[in-house]
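Participant: 3D model of this:
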Amino acid sequence: MRLGLIIYGRLTTISGGYLYDRKLVEYLQRAGDQVDVVSLPWTWYGRHLTHNLSPSLYRHLRAAPYDILLQDELNHPSLFWLNRRLRGHVPYPIVSIVHHLRSSEQRPAWQNRFYHYIERHYLASVDGFIYNSATTQQTVAAALHPSSLSLLPSLIAYPAGDQFQPTLSPTQISARAQEPGPLRILFVGNLIPRKNLRLLIAALARLPLPDWRLAVVGNTAVSHPYTRAIHRQIAQHNLAGNVTLHGALTNEQLAAQMQQSHLLAVPSSYEGFGIVYLEGMGFGLPAIAGVDGAAHELITSGVNGFLVANAADLAQQIRTLRHDRDRLAQMSLAAQQRYQAHPTWEATAVQVRRFLQNLKR
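Facilitator: Residues are numbered from 1 along each chain as shown. Here you go, the predicted model:
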């Protein structure tokens, strides 16, 4: 097959959505398919809308000899009308890879109404969907008329968490849980409001300082105002001795952080799936996530992690695991078992490729 894939920026960008796209492209290329990555420039949302009027982009897509054109749904503002212009002029189907809808995130209602309007028109402009979770499928169904959605081919293809290939044994995981001293907590995510690091720090500020240490791994340059707010919050609560901001790390460095931690806490306000929870589970880390989004498809609260709604709840769950190391060990092993039961990246990509082959016209 010859496929196109439209993304913003570089495929090597660090985020769960880009990791999904990258793993898929790598597998398709290994399978002998040709994948042309069409990179649109990152800019602000209003400028993205003008891509719909780009003569060069239109000419390129109209002339491209694709069997299928894949589009990351993140690019919806650039494509919501362009796809309609292409309809009837290209022989290939357009398939959207949907990680989560922008209008599902927490922000002022007027903004989300605008984003929802654009996203709904984009979703109605494609010929099929690849969803990263059942929750994402449900949010798309809510945005579109159910009768129109039911006519379109779709696939739920879950992300995986095996990029690090963890090798910790159950014995090692249990022994780590019983180590004396503070609870070693890991946060992994770009420093942006949706990842809710401020909520985690607010929860930890309620706990005695000797009880915990927090390692924060993630790009600090995505939102400078938010990063400054994090620094102010740490200073306000005198937590500098307990919180380490590592910035972005290599995969090897991140794997080392996961191996030495007790708990992964990323209480995002919304996740379309949450690959990092699964990656942490591979190292036997119970995961703490927010209640909204698809985290519940991975995390059984009280078994292999917790779903929390506020700082008080989050602080209570951390307090519980700090003082009940037998429960921490039990939940750590349950987390590893959940990871082991999940499909690999290879299995997911095989599923997606089969779906795409069936769509070829």
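
Participant: Which is the succeeding secondary structure element to the least confident helix or strand in the chain by mean pLDDT?
Facilitator: Lowest on mean pLDDT, DSSP states H and E among the helices and strands of the chain sits helix 146-150, with a mean of 62. For helix 146-150, the following helix or strand on the C-terminal side (DSSP states H and E) is strand 154-156.

Participant: helices or strands up against whatever helix or strand comes next after that next one?
Facilitator: Where DSSP H and E defines the elements, the next helix or strand beyond strand 154-156 is helix 170-177. Of the remaining helices and strands, those touching helix 170-177 by 3 or more Cβ pairs under 8 Å, 6 or more residues apart in numbering; DSSP states H and E are helix 325-340. Yep, even glycine has a C-beta here, placed from its N, CA and C like the rest.

Participant: which residues are contacting the helix it packs on?
Facilitator: Helix 325-340 is contacted from outside by 161, 168, 170, 173-174, 176-178, 183, 262-263, 278, 280-287, 298, 300, 303-305, 320-321, using Cβ atoms under 8 Å, 6 or more residues apart in numbering.

Participant: From these, which land in helices?
Facilitator: Residues of those located in helices (DSSP state H): Pro170, Ile173, Ser174, Arg176, Ala177, Leu278, Gly280, Met281, Gly282, Thr320, Leu321.

Participant: Counting neighbours, what do you get for the second one?
Facilitator: For Ile173, the number of neighbouring residues by other Cβ atoms under 10 Å comes to 21.

Participant: Next up, the contacts around the residue nearest to it when sequence neighbours are not counted.
Facilitator: Leaving aside its sequence neighbours, Ile173 sits nearest to Gly284 (Cβ to Cβ, 6 or more residues apart in numbering; 3.6 Å). By Cβ under 8 Å, 6+ apart, Gly284 lies in contact with Leu168, Pro170, Ile173, Arg176, Ser332, Leu333, Ala335, Gln336.

Participant: if I look at Gly284, how far off is Gln337?
Facilitator: 9 Å (Cβ to Cβ, to the nearest Å).

Participant: Next: Ser269.
Facilitator: Counting by Cβ to Cβ, the gap from Ser269 to Gln337 is 28 Å.

Participant: And Trp345, by the same measure?
Facilitator: 19 Å.

Participant: So those two - more neighbours on which side?
Facilitator: Trp345 (20 against 14).

Participant: I figured that one was touching Arg22, is that so?
Facilitator: No - using Cβ atoms under 8 Å, Trp345 is not in contact with Arg22, being 9.8 Å away.

Participant: and Gln351, what helix or strand is that in?
Facilitator: With DSSP H and E as the test, Gln351 turns up in helix 345-359.

Participant: ditto for Tyr226
Facilitator: With DSSP H and E as criterion, Tyr226 is part of helix 224-236.

Participant: Against which helices or strands is that helix packed?
Facilitator: helix 197-204.

Participant: could I get the helix it packs on in PDB with only the CA atoms?
Facilitator: Extracted C-alpha coordinates of helix 197-204, given in PDB (Å, rounded to 0.1, in the frame of the first residue of the first chain):
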ATOM      1  CA  LEU A 197       0.800  18.700  37.800                       C
ATOM      2  CA  ARG A 198      -0.500  21.600  39.900                       C
ATOM      3  CA  LEU A 199      -3.200  19.300  41.300                       C
ATOM      4  CA  LEU A 200      -0.600  16.700  42.200                       C
ATOM      5  CA  ILE A 201       1.600  19.200  43.900                       C
ATOM      6  CA  ALA A 202      -1.400  20.700  45.800                       C
ATOM      7  CA  ALA A 203      -2.200  17.100  47.100                       C
ATOM      8  CA  LEU A 204       1.400  16.400  48.100                       C
END
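
Participant: I'd like to know which elements it is packed against.
Facilitator: strand 183-188, strand 212-217, helix 224-236, helix 311-323.

Participant: Most tightly packed of those?
Facilitator: Most buried of the helices and strands packed on helix 197-204, by mean neighbour count (mean count of other Cβ atoms under 10 Å): strand 183-188, with a mean of 23.

Participant: so it versus helix 170-177, what angle?
Facilitator: Angle between the axes of strand 183-188 and helix 170-177 is 110 degrees (criterion: axes from the mean of the first three to the mean of the last three Cα atoms, to 10 degrees).

Participant: Quick check: neighbours of strand 183-188 in the sheet, parallel or antiparallel?
Facilitator: strand 212-217 (parallel), strand 263-265 (parallel) (DSSP bridges).

Participant: Flag every buried residue along the helix holding Gln351.
Facilitator: Buried residues in helix 345-359, counted by 16 or more other Cβ atoms under 10 Å: Trp345, Thr348, Ala349, Gln351, Val352, Arg353, Phe355, Leu356, Leu359.

Participant: Quick check: closest non-adjacent residue to the fifth one.
Facilitator: Distances taken as Cβ to Cβ, 6+ apart place Ala157 nearest to Val352, at 5.0 Å, with adjacent residues excluded.

Participant: mind listing what that neighbour touches?
Facilitator: Ile130, Tyr131, Asn132, Thr348, Gln351, Val352, Phe355.
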